[in-house]
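Colleague: coordinates only, sequence not included:
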């Protein structure tokens with residue numbers, strides 16, 4: 001096992017805020033600009049003065065990946081793959097390193113399963129398609145729901161939202177603001193109501209109205225894992241009374257700017273519920289975009305969406321090849 005990060009990384013905690021809709025959306029490359037610039041500088045230093053990939057370059061590369069929040073386990077996998085290529089090819093110049101790094105990371109990501117309903121398409125999926133959204137407060141969960149609703153509506157689908165985070169009045173109010181902005185209906189009750197009751201009303205309404213997709217917000221509390229597990233379990237049981245196979249998707253929202261903290265959130269939520277898709281938000285404001293690679297690899301759950309801006313169109317389906325090509329520079 002090679003080098004590990006020598007110092008603790010500072011975790012950024014930023015509250016989610018409702019922001020004005022933007023009319024011009026970003027490209028993935030623009031959204032990942034800060035991460036790309038950071039990785040480029042680190043890679044350039046890693047190979048400075050070197051003509052071939054040797055042990056020192058691999059040690060430096062390991063540090064680059066770990067400090068880019070790819071994660072230790074995934075970093076070691078990538079380094080091992082590159083070591084195998086160096087051994088096989090005998091002589092590998094540093095000019096080729098970036099291309100090989102891109103290829104190996106893309107291959108690693110391609111080993112993960114594909115998420116259902118990519119590109120905001122519900123073709124071939126059950127209706128109403130029920131998405132239960134989970135994640136801690138402050139990761140951008142509510143705005144992600146709004147962006148999902150916007151993109152599904154844009155594709156011609158009938159969308160219904162359910163405000164099942166009844167522990168915070170602000171959560172209900174914020175979701176109502178976004179529902180009004182996007183132009184989709186919201187099922188809600190008073191603060192303190194039973195979340196499962198809101199979910200029952202939402203799915204009953206979705207069936208009655210012929211909605212194509214129902215998106216359910218849930219409370220983002222991790223201070224008591226047993227209570228969270230019980231609550232999410234109860235919500236799922238109530239869903240299945242209305243739609244037996246629901247929820248079809250449990251989408252975990254992670255804040256990309258928190259780096260390694262996102263791994264811990266993913267670990268805790270995957271322990272208490274069957275997450276089958278991940279959205280990583282706020283990648284435009286951070287140099288920690290490597291977390292997308294590590295989370296996908298470590299938990300074996302497909303990253304379905306990435307958030308690269310504040311506009312309603314800035315939630316994008318996660319395209320593995322596009323992500324890797326946007327993240328790593330064309331040349332060192």
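Modeller: Structure's in. What do you need? If you're wondering where the values come from, they're calculated on a predicted model, not measured in any experiment.

Colleague: give the buried residues for stretch 34-54.
Modeller: Using 16 or more other C-beta atoms under 10 Å as the test for burial, stretch 34-54 gives 34-36, 38-40, 42-43, 46-47, 53. Using the backbone N, CA and C atoms, a C-beta is placed for each residue, glycine as well.

Colleague: among the residues you listed, which lie within strands?
Modeller: Nothing among these maps onto strands, per DSSP state E.

Colleague: min pLDDT across those, which one?
Modeller: Within those, pLDDT reaches its minimum at residue 40, with 70.

Colleague: that residue and residue 282, how far apart?
Modeller: According to C-beta to C-beta, to the nearest Å, residue 40 and residue 282 sit 21 Å apart.

Colleague: between the buried residues of stretch 34-54, which sits nearest residue 95?
Modeller: Residue 95 lies nearest to residue 47 out of the buried residues of stretch 34-54, by C-beta to C-beta, at 8.7 Å.

Colleague: that closest one is in contact with residue 97, isn't it?
Modeller: Yes - assessed by C-beta atoms under 8 Å, residue 47 is found in contact with residue 97 at 6.3 Å.

Colleague: thinking again about what came up before, now render the buried residues of stretch 34-54 as a markdown table, adding distance to residue 277.
Modeller: Below are these laid out as a markdown table (distance: C-beta to C-beta, whole Å):
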| residue | distance to residue 277 |
| --- | --- |
| 34 | 25 |
| 35 | 22 |
| 36 | 25 |
| 38 | 27 |
| 39 | 26 |
| 40 | 30 |
| 42 | 30 |
| 43 | 30 |
| 46 | 33 |
| 47 | 36 |
| 53 | 36 |
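
Colleague: now, which of those sits nearest residue 180?
Modeller: Nearest member of the buried residues of stretch 34-54 to residue 180, counting by C-beta to C-beta, is residue 34, at 32.0 Å.

Colleague: who's in contact with the closest one?
Modeller: 284-287, 289 (C-beta atoms under 8 Å, 6 or more residues apart in numbering).

Colleague: who wins for neighbours among those?
Modeller: residue 289 (29 neighbours; other C-beta atoms under 10 Å).

Colleague: that one in helix, strand or coil?
Modeller: Following DSSP: H, G, I helix; E, B strand; the rest coil, residue 289 is assigned to coil.

Colleague: how close does it get to residue 102?
Modeller: Taking C-beta to C-beta, one finds residue 289 at 14 Å from residue 102.

Colleague: likewise for residue 128?
Modeller: Residue 128 is 39 Å from residue 102, by C-beta to C-beta.

Colleague: neighbour-wise, which of these two wins?
Modeller: Using other C-beta under 10 Å as the criterion, residue 128 and residue 102 rank with residue 128 on top: 27 against 17.

Colleague: so how far is residue 49 from the nearest residue to that one once chain neighbours are set aside?
Modeller: Excluding its sequence neighbours, the residue lying closest to residue 128 (C-beta to C-beta, 6 or more residues apart in numbering) is residue 206, at 4.2 Å. Shown here: residue 206 relative to residue 49, a distance of 62 Å by C-beta to C-beta.

Colleague: thought residue 71 was touching residue 296?
Modeller: No - in this structure, residue 71 is not within contact of residue 296 by C-beta under 8 Å, at 10.1 Å.

Colleague: where does the stretch 1-150 of the chain have low pLDDT?
Modeller: 1-26, 90-92 (pLDDT under 70).

Colleague: what ranges do the helices span in it?
Modeller: Assigned by DSSP state H, counting those that start in this stretch, the stretch 1-150 of the chain shows helices spanning 28-31, 33-47, 55-67, 72-89, 94-110, 141-154.

Colleague: out of those, deepest packed?
Modeller: Of these, the one with the most neighbours on average (mean count of other C-beta atoms under 10 Å) is helix 141-154, at a mean of 24.

Colleague: roughly how far out does that helix sit from the chain middle?
Modeller: Taking C-alpha atoms, centre = their mean, to the nearest Å, one finds the center of helix 141-154 at 14 Å from the center of the full chain.

Colleague: show me the contacts for residue 283.
Modeller: 31-32, 35, 256-257, 289, 292, 306-308.

Colleague: and residue 237, how far is that from residue 132?
Modeller: Counting by C-beta to C-beta - residue 237 and residue 132 are separated by 12 Å.
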